[in-house]
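Enquirer: The following block contains a protein sequence and its predicted model.
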Amino acid sequence: MDLTLKIWRQKDAKSTGKMVTYPISGIEGHMSFLEMMDILNDELIEKGEEPVAFDHDCREGICGMCSMFINGEAHGPDRKVTTCQLHMRMFEDGETIHIEPFRANAFPVLKDLMIDRSSFDRIQQSGGYISVNTSGNTQDANALPIPKKDADLAMDAATCIGCGACVATCKNSSAMLFVSAKVSQYALLPQGQVEAKDRVLNMVNQMDVEGFGSCTNTGACEVECPKGISIENIARMNRELMKATV
Amino acid sequence: MSTLDSKVPEGPIKDKWTTYKDNINLVNPANKRKIDIIVIGTGLAGGSAAATLAEQGYNVKAFCYQDSPRRAHSIAAQGGINAAKNYQGDGDSNYRLFYDTVKGGDYRSREANVYRLAEVSANIIDQCVAQGVPFARDYGGLLDNRSFGGVLVSRTFYAKGQTGQQLLLGAYSAMNRQIARGKIEMYNRHEMLDVVKVDGKARGIIARNLITGELERHSAHAVVIASGGYGNVYFLSTNAMGSNVTAAWKTHKKGAYFANPCFTQIHPTCIPRSGDYQSKLTLMSESLRNDGRIWVPKNLEDAVAIQEGKKKPTELSEDERDYYLERRYPAFGNLVPRDVASRAAKERCDAGFGVNKTGEAVYLDFKSAIERYGKEQAKIHNEENASSARIYELGKGIVEAKYGNLFQMYEKIVDENPYKTPMMIYPATHYTMGGLWVDYNLMTNIEGCYAIGEANFSDHGANRLGASALMQGLADGYFVLPYTIGDYLSNDIRTGEIATDTSEFSEAENSVKEILEKLVNTNGTKPVDYFHKKLGKIMWDKVGMSRNATGLKEAIAEIQELRADFWKDVRVPGGINEVNRELEKAGRVADFLELGELFAKDALVREESCGGHFREESVEIDGEQKGEAKRDDVNYKFVSAWEYKGVPSDAQLHKEQLIYENIELKQRSYK
């Protein structure tokens, strides 16, 4: 198929960016979106132009590095996929595709489609862990049975890949889904109880410090999340926050 | 001829590690604060090592090329992690895990290292549970296990099909705790481009800041390479796009021996290639072989009809199907080790029985499993007269709970529903057993330079068993290196901070700068990917699943030619002092172009078939094992450790003879 790409180009963090139009042809439905971008880049290089910089790594939807806002949706029109898992069969011949970086004040653009998500790391550093040394001298793994239901819910929350689609989607650029996923994982497990209060207070505080917006319960984050993280986690985090503050 | 000392402690194998730990030198907590350690890579090995070393009190500087340590490619490991817990009471033990690993590796790994790995494996699970890793549990709330290839027990712990992700996030959380305390200085989006030696010891690195393009000097008392494997030498692999050999290869060029480069794992269950534009291959976890049955049509006409799209797999009756693994290997069936399963798939496809357009695919079928689980569930739910549709629905539920994310991933890529029509799979490069040579302490032959995880060669011999990579990465990082490195660093308590304004650092920085300038100034006509794809094709065709002397010699000549062409004709747009993804790629491909040659050379020298290394000249000619790989223990029971001598073709071979005192060498039989 033949397509028209309108892509955000920005030289570096300090420069102003703009949308630039590139026609591309010979694209097949079985190609992934990023393979289409590879083809564009090789064409640009051969023409002596600078290729489009974008983040990507595992190309199987788990590392969380790829982050394109495609036709107004984080990771594009398909559901429960990352940009790297999006396939060209989702588009039609002759279509115009708008490609932008994930946008939020807390995610400054570094170049073209690359953004800085270190704010996410700092939130995790503020409390996204259980304070246990890695000596291996803990109790036996089966000493403490955990109800399957809780373990499964914790796992569902823990599958967050930290891509930032929730933030990019939210009209308030809120990071509630991301933060609540981590808070929930530990809140659901007995190991997480000891530090539960400090954890939720510190992580929520850091989220505010980083400049993420507030949650107004639109639920858009859940729809666009490539891992299907449920907004029930946000409700759980709010309960945890209440428990920690009263 | 050999200068290799494996430093394996004396004594019975069961006591070696304990005795060793009781007798090493320790660094007191106050002195640890005066010692810096650099860790390259933040996957399971690097991440766990960085966290643990920082907890112990050392000052750690950790580097990763991704935008966050959480994105290292360990995250993509799916199936599980082995541990000799024997929770299932099925006869597992440290010895059995050790035995299975050595046997699975086709008797080309070092006994003492593997035993230690088995010994600490149980601790890993305890540790991870304490960190809040949500492993799968059964209805009683205890940990669940599954089974993997090459073993007869269920010792694999898992978190759906995302075990690597959960374990890595565990290590990442442990790192975060130390980053917050200031004990780990984290350098994201940095790439190590050289190791710096001072008086023969590793004392620092040169790293490029991938955002500003600046070259930075970082010093330390020890350098730990945890940069993963080199599977991307094949261009197409299950590795991440950025996975590379550069850190390990630069270390090799500075004197560290590179061991067994030809030992590469071709994983049997990956989604087949669909076209030339393809950038990577996606793995379908080996855990699927617990329940999936692998087959091709029994009759060639059916295979041809399927290739042409005239027939569907679901139209073939049971007796028109050839479950070739169950037929050839009745004892292990679909759960033979990876190398065996991969070669068997290739054998069927080469004979014309492949099941997609390209003829390079076999089926992985869940029909029987769905039926079996469905009947079981109907019984549990007291539904005596359940219809076949109801049984299908119940069975599908179980399969979905076990492998749901994998099925979803498959459907998104291939656009077919694997619950209804069998999956198509084909082997792809997945893991590299070879890597930097290390002794029992995980130190390379450069003093103070360590290699852990996939970056070293030590534990998997010529073939790695499923769910053992996660085990090794975490064992090295959490439980082995933190002890062994202390013994070395105890001599450094009076050294003080290592200066970076020395001639050693300047020279290293200048040589890095020279290479970068050469890359951006070549101004050739072809993008980096052109060369990478060509290299990949040479490697896959001639140094892939089966190898012969003629092909290997051709490969060496072709790679040399391609390398020369690369340095004349590569085009890297943009400059050095900015974000430049093409420049990053170019540097990595330049190193793959050297490694590829050493890889082929190593494969040429090893005139035996063992594990993932299959030499067509070395097969069993008759008897029950006819056609199977033939190992040669008389002449090749050694580790090849290559010393860099200016160009790969001049590399010098050192041999570490392998000694087996606790396991009897046998032909590996899975029949």
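Expert: Cool, the structure landed.
Enquirer: what number of residues lie near the residue nearest to B:Asp632 when sequence neighbours are not counted?
Expert: Closest residue to B:Asp632 apart from its sequence neighbours, by Cβ to Cβ, 6 or more residues apart in numbering or on different chains: B:Glu608 at 3.7 Å. The C-beta positions use only the backbone N, C-alpha and C, and glycine is treated the same way. For B:Glu608, the count of nearby residues is 21 (other Cβ atoms under 10 Å in any protein chain shown).
Enquirer: Next, the contact list for B:Glu608, please.
Expert: B:Arg615, B:Ser618, B:Lys630, B:Arg631, B:Asp632, B:Asn635, B:Tyr636 (Cβ atoms under 8 Å, 6 or more residues apart in numbering or on different chains).
Enquirer: Who is the first one paired with across the strands?
Expert: Read it as B:Arg615. B:Arg547 (DSSP bridges).
Enquirer: Going by residue numbers, what spans are strands in chain A?
Expert: Remark: strands assigned in chain A by DSSP state E are A:3-9, A:18-24, A:68-70, A:73-74, A:96-101, A:109-111, A:114-115.
Enquirer: The second one - what's its average pLDDT?
Expert: The average of the pLDDT scores along strand A:18-24 is 98.
Enquirer: mind listing what it pairs with, with the direction of each?
Expert: When DSSP bridges is applied, strand A:18-24 pairs with strand A:3-9 (antiparallel).
Enquirer: again, but for the last one
Expert: The strands that strand A:114-115 pairs with in its sheet are strand A:109-111 (antiparallel) (by DSSP bridges).
Enquirer: Give me the distance between the strand it pairs with and the centre of its chain.
Expert: In this view, strand A:109-111 has its centroid 16 Å away from the chain centroid, taken as Cα atoms, centre = their mean, to the nearest Å.
Enquirer: and what of stretch B:367-378?
Expert: Worked out by Cα atoms, centre = their mean, stretch B:367-378 lies 34 Å from the chain centre.
Enquirer: Repeat that for stretch B:568-586.
Expert: 28 Å.
Enquirer: Please save the CA atoms from it in PDB.
Expert: Only the C-alpha atoms of stretch B:568-586 are listed here, as PDB (Å, rounded to 0.1, in the frame of the first residue of the first chain):
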ATOM      1  CA  LYS B 568      34.600   1.700   2.600                       C
ATOM      2  CA  ASP B 569      31.000   2.100   1.900                       C
ATOM      3  CA  VAL B 570      28.900   2.600   5.000                       C
ATOM      4  CA  ARG B 571      26.900   5.800   5.300                       C
ATOM      5  CA  VAL B 572      26.200   7.200   8.700                       C
ATOM      6  CA  PRO B 573      24.300  10.500   8.600                       C
ATOM      7  CA  GLY B 574      24.600  13.100  11.300                       C
ATOM      8  CA  GLY B 575      27.500  13.900  13.600                       C
ATOM      9  CA  ILE B 576      29.000  12.500  16.800                       C
ATOM     10  CA  ASN B 577      27.900  15.100  19.300                       C
ATOM     11  CA  GLU B 578      24.200  14.500  19.100                       C
ATOM     12  CA  VAL B 579      21.600  11.800  19.300                       C
ATOM     13  CA  ASN B 580      22.700   9.500  16.400                       C
ATOM     14  CA  ARG B 581      21.000   6.100  16.300                       C
ATOM     15  CA  GLU B 582      22.700   5.100  13.000                       C
ATOM     16  CA  LEU B 583      26.100   5.800  14.600                       C
ATOM     17  CA  GLU B 584      25.200   3.600  17.500                       C
ATOM     18  CA  LYS B 585      24.200   0.800  15.100                       C
ATOM     19  CA  ALA B 586      27.200   1.300  13.000                       C
END
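Enquirer: near chain A at all, that stretch?
Expert: Yes: applying Cβ under 8 Å from any Cβ of the partner chain, one finds stretch B:568-586 in contact with chain A at B:Arg571, B:Pro573, B:Gly574, B:Glu578, B:Val579, B:Arg581, B:Glu582.
Enquirer: for stretch B:299-309, same thing?
Expert: No: Stretch B:299-309 stays clear of chain A (Cβ under 8 Å from any Cβ), getting no nearer than 14.8 Å.
Enquirer: Can you tell me what sits against that stretch?
Expert: Under the criterion Cβ under 8 Å, 6+ apart, residues B:296-297, B:311-313, B:316, B:320, B:352-357, B:359 lie in contact with stretch B:299-309.
Enquirer: Take the strands of chain A and write them to CSV, including distance to B:Glu111.
Expert: Shown next, in CSV, are the strands of chain A (distance: least, Cβ to Cβ, whole Å):
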stretch, distance to B:Glu111
strand A:3-9, 55
strand A:18-24, 56
strand A:68-70, 49
strand A:73-74, 51
strand A:96-101, 52
strand A:109-111, 49
strand A:114-115, 47
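Enquirer: Kindly present these as JSON lines, with separate columns for mean neighbour count.
Expert: What follows is those, written out as JSON lines (neighbours: other Cβ atoms under 10 Å in any protein chain shown):
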{"stretch": "strand A:3-9", "mean neighbour count": "18"}
{"stretch": "strand A:18-24", "mean neighbour count": "12"}
{"stretch": "strand A:68-70", "mean neighbour count": "23"}
{"stretch": "strand A:73-74", "mean neighbour count": "22"}
{"stretch": "strand A:96-101", "mean neighbour count": "19"}
{"stretch": "strand A:109-111", "mean neighbour count": "21"}
{"stretch": "strand A:114-115", "mean neighbour count": "24"}
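Enquirer: picking that back up, show me which of the contacts of B:Glu608 is closest to chain A.
Expert: When those are compared for distance to chain A (Cβ to the nearest Cβ), B:Arg615 wins out at 31.9 Å.
Enquirer: Let me know whether that closest one touches B:Leu604 as I believe.
Expert: No: with contacts counted by Cβ atoms under 8 Å, B:Arg615 stays clear of B:Leu604, the gap being 9.2 Å.
Enquirer: who's more crowded, these two?
Expert: Neighbour comparison, B:Arg615 and B:Leu604: the larger count goes to B:Arg615, with 22 against 19 (by other Cβ under 10 Å).
Enquirer: In chain B, what residue lies closest to chain A?
Expert: B:Gly141 (3.0 Å).
Enquirer: part of a strand, is that residue?
Expert: No: under DSSP: H, G, I helix; E, B strand; the rest coil, B:Gly141 falls outside any strand and is assigned coil.
Enquirer: ok, now which ones touch whatever residue of chain A ends up closest to chain B?
Expert: Nearest residue of chain A to chain B (Cβ to the nearest Cβ) works out as A:Pro145 at 3.0 Å. With contacts defined as Cβ under 8 Å, 6+ apart, A:Pro145 is in contact with B:Arg137, B:Gly140, B:Gly141, B:Leu142.
Enquirer: Contact partners for the first one?
Expert: It stands for B:Arg137. A:Pro145, A:Ile146, A:Pro147, A:Lys148, A:Ala151, A:Asp152, B:Leu143, B:Asp144.
Enquirer: related to what we said a few turns ago, between the strands of chain A, which one is nearest to B:Ser506?
Expert: For these, proximity to B:Ser506 was assessed by Cβ to Cβ; strand A:109-111 is nearest, at 29.5 Å.
Enquirer: Close to chain A: what parts of the stretch 1-150 of chain B are there?
Expert: B:48, B:51-52, B:55, B:66-71, B:73, B:75-76, B:85, B:87, B:120, B:123-132, B:134-143.
Enquirer: What is the subsequent helix or strand relative to the helix or strand containing B:Thr484?
Expert: In this structure, B:Thr484 sits in helix B:481-489 according to DSSP states H and E. The helix or strand immediately downstream of helix B:481-489 is helix B:503-521, counting by DSSP H and E.
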